[in-house]
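Asks: Provided below for reference: sequence and predicted model.
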Amino acid sequence: MEIVFLLIPVSLLLIGLILWVLMWAVRDGQYDDLEGPARRILLDEEKVVGDGQKKAGKELPAKELCRIPE
C-alpha cells in the first residue's frame with residue numbers, strides 16, 4: 001500500500017511532462033503539415049552534377065515499374 005504514495009506523484013509528473021512536450025510540439029509547428037513529407041518522398045529530387053547543372057533522377061519505363069517477378 002505504501003507504493004501507491006510513490007506511484008501517484010510519479011504518474012502525475014509523467015502526465016505533466018507528456019502534456020508539456022505535446023504543447024511544445026504544437027506551438028513549434030510540428031503538426032502544421034502532415035501530408036507534405038509523405039508526398040515529398042514520392043517526388044524525384046534534382047541532383048547537382050559537376051559544374052552546377054541539375055539533372056533529374058533516373059527514370060524507369062512504365063513496363064519496368066509494373067513488372068511482376070515470376
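Replies: That came through, no problem. Numbering: from 1, shown residues only.

Asks: tell me the mean pLDDT for stretch 41-53?
Replies: Computed over stretch 41-53, the mean pLDDT rounds to 60.

Asks: where exactly do the helices run in the chain?
Replies: Counting by DSSP state H, the chain has helices at residues 2-28, 36-40, 62-65.

Asks: which of these has the lowest mean pLDDT?
Replies: For those, the bottom mean pLDDT is recorded on helix 62-65, which sits at a mean of 54.

Asks: reformat the helices of the chain as CSV; add mean neighbour count.
Replies: Where you see a C-beta, it was placed from the backbone N, CA and C, and this is true even at glycine. Putting these into CSV (neighbours: other CB atoms under 10 Å) gives the following:
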stretch, mean neighbour count
helix 2-28, 9
helix 36-40, 9
helix 62-65, 8
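
Asks: for residue 31, which non-adjacent residue is closest in space?
Replies: residue 25 (6.8 Å; CB to CB, 6 or more residues apart in numbering).

Asks: does the one you found really touch residue 19, like I thought?
Replies: No: here residue 25 lies out of contact with residue 19, judged by CB atoms under 8 Å, at a distance of 10.8 Å.

Asks: tell me, how many residues neighbour residue 42?
Replies: Residue 42 has 6 neighbouring residues, counting by other CB atoms under 10 Å.

Asks: residue 12 and residue 38, how far apart?
Replies: With distances defined as CB to CB, to the nearest Å, the gap from residue 12 to residue 38 amounts to 36 Å.

Asks: can you check residue 24 too?
Replies: From residue 24 over to residue 38 (counting by CB to CB), the distance is 23 Å.

Asks: repeat that for residue 2.
Replies: Noted for residue 2: a distance of 49 Å to residue 38, by CB to CB.

Asks: then residue 16?
Replies: When residue 16 is compared with residue 38 (using CB to CB), they lie 32 Å apart.
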